[in-house]
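K.L.:
Give me a 3D structure for the following:
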Amino acid sequence: MEQKTIYLLFLDTGTVLTKMINLFTNSTLNHASIALDQSLSQVYSFGRKRPRNPFIGGFVRENLQLPFFKKAECAVYRLQISELEYELLEQRMNMMEAEKHLYRYNMLGLFGVMLNKELPRDNAYFCSQFVATMLSECGVYEYDKPACLIRPQDLKEWHELQLIYQGSLSNYPYFYNANQNVYTHKWNSSNIKLG
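P.N.:
Numbers count the residues shown, from 1 in each chain. Model prediction:
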């Protein structure tokens, strides 16, 4: 069966909330997303619906060209999956995007992670819980603890992932361009620093 490639994107946007999470986890790059393409034009997660307001969150298709991501640091990991698993994942993302009003950010779940206590909620996820759940539902990922306790660090340590890029998100298009025959994804040039 033909293989397809998806990408897991881990970000650190440098916001106050991010800095607090980094202190608690003693780690960086604590926001996890799934990208269906290497150009990172189809990136999904649970996060801020409005970049300047951390308290209004839910299912989002992330626009990495927004100024909110201008100074973000990132790591991009590649994951090979079957064509069927890819189709299931793509269908699930499309369904969630069409019904995004039904989903909310699982802020309570973050406290569950801190306390190492399951606090599952219907239609509510935080970013790494969402990534783990989607990959599990498509038959890609199995984990030894509940999805509501999965941290971005747990995902990054998964042996199936292959790190392909780490650094400034604004420099990622250069990496992508250097590794493609045809560069089709348009990035806002104000987000890219030359030299």
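
K.L.:
Can you show me the strands along the chain?
P.N.:
Under the criterion DSSP state E, strands of the chain are mapped to 3-12, 31-35, 43-50, 53-61, 73-82, 104-105, 124-125, 162-168.

K.L.:
any idea which of those is most buried?
P.N.:
Of all these, strand 31-35 carries the top mean neighbour count, a mean of 24, counting by mean count of other Cβ atoms under 10 Å. Every residue, glycine included, has its C-beta placed from N, CA and C.

K.L.:
Kindly calculate the angle that it makes with strand 3-12.
P.N.:
150 degrees (axes from the mean of the first three to the mean of the last three Cα atoms, to 10 degrees).

K.L.:
any idea how far strand 31-35 is from the chain center?
P.N.:
1 Å (Cα atoms, centre = their mean, to the nearest Å).

K.L.:
Would you mind listing where the chain has pLDDT under the threshold?
P.N.:
Residue ranges of the chain with pLDDT under 70: 1, 16-17, 22, 24-25, 180-195.

K.L.:
quick one on the thing from earlier: adding distance to I21 as columns, could you present the strands of the chain in a markdown table?
P.N.:
Converted to a markdown table, these look like this (distance: least, Cβ to Cβ, whole Å):
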| stretch | distance to I21 |
| --- | --- |
| strand 3-12 | 9 |
| strand 31-35 | 8 |
| strand 43-50 | 12 |
| strand 53-61 | 11 |
| strand 73-82 | 14 |
| strand 104-105 | 13 |
| strand 124-125 | 16 |
| strand 162-168 | 19 |
